[in-house]
Each structure stands twice: as structure tokens, then as C-alpha cells.
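Trainee: just coords:
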């Protein structure tokens, strides 16, 4: 991006905007730049109200933002993220947590031709409520199996019409609109962020919570199994190790007939059983009167 030309004088309104931004930079440790493309104004308004005590949303012209940021060498990497419709967010919440928060506040909206699918889009089986007619060709083009019942178009089976990351054609967008299927998940996403001396891009910030949970669960199981096999007395492993050793000790004491509080009953039972068996043999052989 081209740097704005140096100017000796700015109108007072622009000076005030730059001073305000400098104060935000000074007051907050984390700076995020979000992309407002396809973000509705009411979504931003709701976020402002909900998080007004923790986040400062600040809109400023890109040229003024670049001019202000350029005064601080730490923030030089943010310049590349200042383009198009950008909004600055100053916070004491780190960008990873902030992005998760924004993801939870995203909403589904109708797709337009050329949009990129944010998730797999399915047309469900059942009655569409649409009358049979020329629209059947749109279903056919989208490779959606249909049938006609009582003059209405029915979708024969659940059908994925576009997968995550694919472009949605104008015709498909029109069909989804007629079916009242909202295919695009829209909301605020962080484009670039400043975090403890680092400039982070969108991929650096994004955290898949479910994926992380699965990874931690797998690592937990692997760690437990390793500690158990290595007989390492970790907190979760120790009760099992003690129980195993106790069982082994009882089995050994029983095998060598060593009397302990936990084995004496079994040993007596064993000897009584042997005596009874011997007595039975004696009686069988007629050695008793």
C-alpha cells in the first residue's frame, strides 16, 4: 500500500481524529482491524452496545489511520491491513479471544451471486411449497432431485448444493432465496491485529475451539496411558497404580501363604477346603472306623 504523502497541515477535524486514535493506542494493549465487507450496520451497533465497557470501536479514514500508526514503529505491520472498509477495535481482550467472541455473534444471511460459501449448504428433502413450473430447471441445474406432488415441488433427498469455500452462482443464489435458505454466515472478522509486539494475520488469529478440544482430549489420553505404562505417579494415575500394586501384593501373599489382614480369611478357607478334601479321600479309602 502506498503511504500517504506528508502534509504539514490538516483540518482541525482530522487532527482531532488522529489525536483520539493516538490516545486509544496508548490506553489499550491490543489493536485489531476488522473487515466490514458484508457486515450489516446493526451487527456493529449491537456489538458496540454489548461490549462498550471492554472494546472501543473506531472508524477513521485509511489515510489518517496510516499517518497515525506510522508514528509508532511497533505498529508498522498493521499498515498492510488498512484497506477497503476497515474498522479499528482497541481492547484489553487479546485478539484470539476477541475473534472467538465475534464468531459467536455471526448471523446467517441470504447469499448473493459471487459470494463464497462459509459452510456446506444443503437443500433439505421435503415439500418446497413452490408450484411446478420453469423453476424446475433451476433445481435440475443445481442437481437437486425433485418430484411433483399435488402441484408442488418436493425435494426427494437432502442435497448439498455447494461446499465450504466454493463460489455461489447467481442462479443458485436465486434458488436458495426462493427456498428461504440463508447460506452465508456474516459478521465481524479480524483481518490483522497487534499482539505483544507481533503483527498477526487472519489465519494466525483463528482458533477452532472444537478442534482444540479434540486435540487436548487426545493428548490427555496419550499422556495418561504413557504415565500408567511408565508407572509415573501422576495425580490421575496414582489411584490406579496403588490399586494395581495392592492387588498384586494380595495375590503374592496368598500364593506364598503369608498371613495378612487381607489374606488370612482366604488362607484359612484354602486350608479348610484342603482338609475337607483330604477327609473325603480318607473316608473313600476306608481309613476311618
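Mentor: Ah, there it is. Bear in mind that the values here come from a model prediction, so they are computed numbers and not experimental data. Residues are numbered from 1 along each chain as shown.
Trainee: Wait, a strand at residue 137?
Mentor: No: assessed with DSSP: H, G, I helix; E, B strand; the rest coil, residue 137 is helix; it does not lie in a strand.
Trainee: And it, how close does it get to residue 144?
Mentor: 11 Å (C-beta to C-beta, to the nearest Å). All C-beta spots, glycine's among them, are computed from the backbone N, C-alpha and C.
Trainee: Find the residues that touch each one of these two.
Mentor: Residues touching both residue 137 and residue 144 by C-beta atoms under 8 Å, 6 or more residues apart in numbering: none at all.
Trainee: more crowded one of those two?
Mentor: residue 144 (24 against 10; other C-beta atoms under 10 Å).
Trainee: can you pull the contacts of the residue lying closest to the more buried one once chain neighbours are set aside?
Mentor: Once flanking residues are discounted, residue 144 sits nearest to residue 159: 4.7 Å by C-beta to C-beta, 6 or more residues apart in numbering. Contacts for residue 159 (C-beta under 8 Å, 6+ apart) come out as 122, 123, 125, 142, 143, 144, 145.
Trainee: and what of residue 207?
Mentor: Counting by C-beta under 8 Å, 6+ apart, residue 207 has contacts 96, 99, 100.
Trainee: Next, find the distance separating it from residue 237.
Mentor: From residue 207 to residue 237 the distance is 30 Å (C-beta to C-beta).
Trainee: And the helices in the stretch 1-150 of the chain?
Mentor: Under the criterion DSSP state H, counting those that start in this stretch, the stretch 1-150 of the chain contains helices at 12-27, 41-50, 62-69, 95-104, 136-141.
Trainee: sorry, back to before: out of the contacts of residue 159, which sit inside strands?
Mentor: Among these, DSSP state E puts 122, 123 in strands.
Trainee: Whichever of the contacts of residue 159 end up buried, select them in ChimeraX.
Mentor: Those of those that count as buried under 16 or more other C-beta atoms under 10 Å are selected in ChimeraX with:
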select :123,142,144
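Trainee: mind putting the contacts of residue 159 in CSV, pLDDT and distance to residue 62 included?
Mentor: Conversion of the contacts of residue 159 to CSV gives the following (pLDDT from 0 to 100; distance: C-beta to C-beta, whole Å):
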residue, pLDDT, distance to residue 62
122, 94, 39
123, 94, 41
125, 94, 48
142, 92, 40
143, 93, 43
144, 94, 43
145, 94, 49
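Trainee: Could you identify which of the helices of the stretch 1-150 of the chain is most buried?
Mentor: Across the helices of the stretch 1-150 of the chain, the average number of neighbours (mean count of other C-beta atoms under 10 Å) peaks for helix 62-69, which reaches a mean of 19.
Trainee: just checking, what packs against it?
Mentor: When contacts are defined as 3 or more C-beta pairs under 8 Å, 6 or more residues apart in numbering; DSSP states H and E, helix 62-69 packs onto helix 12-27, strand 86-91.
Trainee: Just the angle for the first one relative to helix 62-69, thanks.
Mentor: Compare the direction of helix 12-27 with that of helix 62-69 by axes from the mean of the first three to the mean of the last three C-alpha atoms, to 10 degrees and you get 50 degrees.
Trainee: Against which helices or strands is helix 12-27 packed?
Mentor: Using 3+ C-beta pairs under 8 Å, 6+ apart: helix 12-27 touches strand 55-58, helix 62-69, strand 86-91.
Trainee: Let me have these in TSV, extended by mean pLDDT and distance to residue 113.
Mentor: Listed next are these as TSV, based on pLDDT from 0 to 100; distance: least, C-beta to C-beta, whole Å:
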stretch	mean pLDDT	distance to residue 113
strand 55-58	91	31
helix 62-69	92	28
strand 86-91	91	25
